[in-house]
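K.L.:
here is a sequence with its predicted model. Questions after.
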Amino acid sequence: MSYEKQREAMVQRQIRARGITGEAILRAFGEVPRERFVPADMAEFAYEDGPLPIGEGQTISQPYIVASMIDAAAIGPDDRVLEVGAGSGYAAAVLSRIARQVFAVERHAILARQARERVEALGYDNLEIVAGDGMDGLPHEAPFDAILVAARSDEVPQALKRQLAKGGRLVIPVGGEDMQQLRHVLRTGEESWESHDIAPVRFVPLLPGAVPEDGAPAASNHRPARAKTLPESIADAAIPLGDIGDDSFAAAFDRFADRRVVMLGECSHGTHEFYAARAAITRRLVERHGFTVVAVEGDWPDAAAYDRYIRGLPQREGAPRPFRRFPTWMWRNTVMPGFLGDLRAINKRRGENDRVGFYGLDIYNMSGSIAAVLAYLDEHDPEAAAIARERYGCLTPWQADPATYGRAALRKGYAECEQPVVAQCRELLKRALEQDGESFGAAMNARLVTAAERYYRIMYYGGAESWNLRDSHMAETLDHLLEARGPGARAVVWAHNSHIGDARASEMGSVRGEHNLGQLIRERWGKEAALIGFGTHAGTVSAADDWDGERATKRVRPSRRDSYERLCHDSGVARFLLDLSSDPALARRLAEPRLERFIGVIYRPETERWSHYSEAALAGQFDAYVWFDETRALEPLAPHEPHDRGPQTWPFGV
């Protein structure tokens, strides 16, 4: 879409549709080219419905907020207007298309110069942009019919109030760091003003002093310069991300392409953007950088069906459809068909040894793994199949509900199946070392049966041991995969943030004594592993009320003020990648413990603080962090996707 069409769509959808109908305002926004007021590498995002970074820790405001302030100030064609906090010059340019004369003050000299150059190139000759201290206003040009302040203040500066003409209007965000009120001040007399609040907003702070182009602060009135807030520092370090469908989105992750393992997280199991983003990043790492392993938080036998599809192999005769147990939407959703189709197309262009594979790391599908082991042995060694059936016989009553086996084993005080399933696993692992091909898959299924037997046996004792067994199994499975695929093999891993964020930097490790996949992989691979978390502020999510319940599209509450998510939201950047290795000072600040949100397949907003927040140190958990300010629910392949009852990720749900 051309910039002109994008501009027209912005006016109609972001401004008129939200109730601002003044023709002068709509014409002005339709005339001023917003793409000229953002950095060149951000021009493609110029008409998105949100703020954008412009350098020096500043942002260009959301178009609707600019329009709301102009509307509140009731700017007329004969007015003389002052804007404080000119930034890129965009709002001042829009004002110049409405008012008779506009003055704008910007404390950063470099931004003021760039803004002047832009408006001069556009021929807006009724607009003057100067570098200076906005708190002082522009007294030599006062009085003004209207003053607009594009930065927050704890209180309305007296200097600005006094530079209003009688009947003049001042619009300014007033309040603390987390939230402000957009305040309208009317001068009613020589020493009288009236004010009222319009709407809640969030702005960067109004700071004293001017900043020359060399970047050195120069306070004009001896007021101390304030250090940047964490949201401001995040905005400075953030690498803005465009649409997930654009090549530039996944290209931002090329910085991790030299790693042996790239782990891509999610803070919920039901968010569309997380799945779509991971699919785009993975496609690029596979196609352009030679990654050959895609390993996910799913069970080996189920993932094997997807693996056969992307390799162009027929499905096993009589094999059940994969991923049919709760929560089905995790791997049977509208993102997966396109992603698997892309991997299949890539594999068609490659030789057998270079093809990418799709593998499950998790522990739960005991019955599917037993069936896969027996099917392999029936075909290759019928005598061994008979022995395996006998060994697995003690598990047969429990396959539909392995948790029941755990209770029975606990009551008896011993695990009646442990020794036979371990023996079966050892034999198949030995066979896999001696042979190629499908024997490896059978051995991995046997490992899963062994781990699942132990998992359900120890789960009823409580504590950290069952979680630790599960994540140890996933880490060992990944190690086996990398070893089997050869010395040059590299893997992309999809799992929940609770699995990939180093447990030592959260309550998991420090309080509950748990380790996780990310910690184990970081200990194994060091700097060759990249742990990348994903987060969001608000939107919708696919989740259930209770375990094994119906999927619903649930509204996600806005993030808590004392959380990492709120810091990212307050940065004003809608989508970004934060490479924590690129800014050590910021990483140190983000290593201070705060609350972090975790949503699994169950979401209970009524008890969100205790059900879904845990204390963590973000920079200790992750090497990088991906942010989507607003997200939408992941859609299943069918609105009411059926599922078989079973404990796929019980009892944790993550």
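P.N.:
Good, I have the coordinates.

K.L.:
low-confidence stretches in the protein?
P.N.:
Along the chain, the model assigns pLDDT under 70 to residues 1, 178, 214-227, 365-381, 384-385, 387-416, 418-439, 442-464, 639-654.

K.L.:
and it, what are its domains?
P.N.:
Using automatic domain parsing, the domains assigned to the chain come out as 63-218, 227-362+490-654, 363-467.

K.L.:
and residue 104, that's in a strand?
P.N.:
Yes. Counting by DSSP: H, G, I helix; E, B strand; the rest coil, residue 104 is found in a strand.

K.L.:
nearest to residue 478, out of the domains of the chain?
P.N.:
Residue 478 lies closest to domain 227-362+490-654 among those, at 5.6 Å (C-beta to C-beta). Every C-beta, even on glycine, is put in place using the N, C-alpha and C of the backbone.

K.L.:
make a markdown table from the domains of the chain and add distance to residue 55 to it.
P.N.:
Conversion of the domains of the chain to a markdown table gives the following (distance: least, C-beta to C-beta, whole Å):
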| stretch | distance to residue 55 |
| --- | --- |
| domain 63-218 | 7 |
| domain 227-362+490-654 | 9 |
| domain 363-467 | 45 |
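
K.L.:
turn those into JSON lines, including mean neighbour count.
P.N.:
JSON lines is the format used below for the domains of the chain (neighbours: other C-beta atoms under 10 Å):
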{"stretch": "domain 63-218", "mean neighbour count": "19"}
{"stretch": "domain 227-362+490-654", "mean neighbour count": "20"}
{"stretch": "domain 363-467", "mean neighbour count": "19"}
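
K.L.:
and of the ones you listed, who's closest to residue 18?
P.N.:
Between residue 18 and the domains of the chain, the shortest gap by C-beta to C-beta is with domain 63-218, which sits at 5.8 Å.

K.L.:
how about the closest residue to residue 44 other than its chain neighbours, secondary structure?
P.N.:
Distance criterion C-beta to C-beta, 6 or more residues apart in numbering; nearest residue to residue 44, sequence neighbours excluded, is residue 242 at 6.1 Å. Recorded secondary structure, residue 242: coil (three-state DSSP).

K.L.:
residue 242 reaches residue 251, doesn't it?
P.N.:
No. With contacts counted by C-beta atoms under 8 Å, residue 242 stays clear of residue 251, the gap being 9.8 Å.

K.L.:
circling back: enumerate every residue touching the residue nearest to residue 44.
P.N.:
Going by C-beta atoms under 8 Å, 6 or more residues apart in numbering, residue 242 touches 44, 45, 248, 249, 575.

K.L.:
if we go to 10 Å?
P.N.:
Counting by C-beta atoms under 10 Å, 6 or more residues apart in numbering, residue 242 touches 41, 42, 44, 45, 48, 248, 249, 251, 252, 575.

K.L.:
strands of the stretch 551-654 of the chain, start to end?
P.N.:
Using DSSP state E, counting those that start in this stretch, the strands of the stretch 551-654 of the chain run over 552-556, 575-579, 594-597, 613-616, 624-631.

K.L.:
ok, residues contacting the fourth one?
P.N.:
Counting contacts by C-beta under 10 Å, 6+ apart, the residues outside strand 613-616 that touch it are 497-498, 501-503, 505-512, 533, 559-560, 562-565, 593-599, 622.

K.L.:
switch to 8 Å and redo it
P.N.:
Strand 613-616 is contacted from outside by 501, 505-508, 560, 563-564, 593-598, using C-beta under 8 Å, 6+ apart.

K.L.:
which single one of those is nearest to residue 169?
P.N.:
For the contacts of strand 613-616, the closest approach to residue 169 (C-beta to C-beta) belongs to residue 560, at 35.3 Å.

K.L.:
do I have it right that that closest one meets residue 569?
P.N.:
No. Applying C-beta under 8 Å as the test, residue 560 and residue 569 come out as separate, 10.5 Å apart.

K.L.:
find the residues that touch each one of the two.
P.N.:
Shared contacts of residue 560 and residue 569, defined by C-beta under 8 Å, 6+ apart, are absent.

K.L.:
straight-line length of stretch 570-579, end to end?
P.N.:
18 Å (C-alpha to C-alpha, to the nearest Å).

K.L.:
hmm, I typed the wrong one, I wanted stretch 486-495.
P.N.:
Stretch 486-495 end-to-end distance (C-alpha to C-alpha) = 23 Å.

K.L.:
ditto for stretch 118-132
P.N.:
Terminal residues of stretch 118-132 lie 18 Å apart, using C-alpha to C-alpha.

K.L.:
over to stretch 122-137?
P.N.:
Distance across stretch 122-137, first residue to last, is 25 Å (C-alpha to C-alpha).

K.L.:
I'd like to know how far residue 497 sits from residue 260.
P.N.:
21 Å (C-beta to C-beta, to the nearest Å).

K.L.:
ah, wrong one, I meant residue 244
P.N.:
25 Å.

K.L.:
same question for residue 506.
P.N.:
Using C-beta to C-beta, residue 506 is found at 24 Å from residue 260.

K.L.:
same question, residue 603
P.N.:
Noted for residue 603: a distance of 34 Å to residue 260, by C-beta to C-beta.

K.L.:
what of residue 582?
P.N.:
To residue 260, residue 582 is 20 Å away according to C-beta to C-beta.

K.L.:
next secondary structure after the helix or strand encompassing residue 5?
P.N.:
Assigned by DSSP states H and E, residue 5 falls within helix 3-10. Once the chain leaves helix 3-10, the next helix or strand it forms, by DSSP H and E, is helix 23-31.

K.L.:
contacts for that following helix, please.
P.N.:
With C-beta under 8 Å, 6+ apart as the test, helix 23-31 has contacts from 7-8, 10-11, 15-16, 20, 63, 67, 70-71, 75, 77, 94-95, 97-98.

K.L.:
what strand or helix carries residue 301?
P.N.:
helix 300-310.

K.L.:
ok, the closest residue to residue 162 other than its chain neighbours - contacts?
P.N.:
Closest residue to residue 162 apart from its sequence neighbours, by C-beta to C-beta, 6+ apart: residue 142 at 7.9 Å. Residue 142 makes contact with 82, 162, 163, according to C-beta under 8 Å, 6+ apart.

K.L.:
and of the residues you listed, the nearest to residue 308?
P.N.:
In terms of C-beta to C-beta, no member of the contacts of residue 142 lies closer to residue 308 than residue 82, at 68.1 Å.

K.L.:
relative to its centre, which residue of the protein is most distant?
P.N.:
Distance to the chain centre peaks in the chain at residue 190, reaching 51.8 Å (criterion: C-alpha atoms, centre = their mean).

K.L.:
not counting its neighbours along the chain, what's nearest that one?
P.N.:
Nearest one to residue 190, counting by C-beta to C-beta, 6+ apart, is residue 166 at 7.5 Å.

K.L.:
name the SS class of residue 148, please.
P.N.:
Counting by three-state DSSP, the backbone at residue 148 sits in strand.
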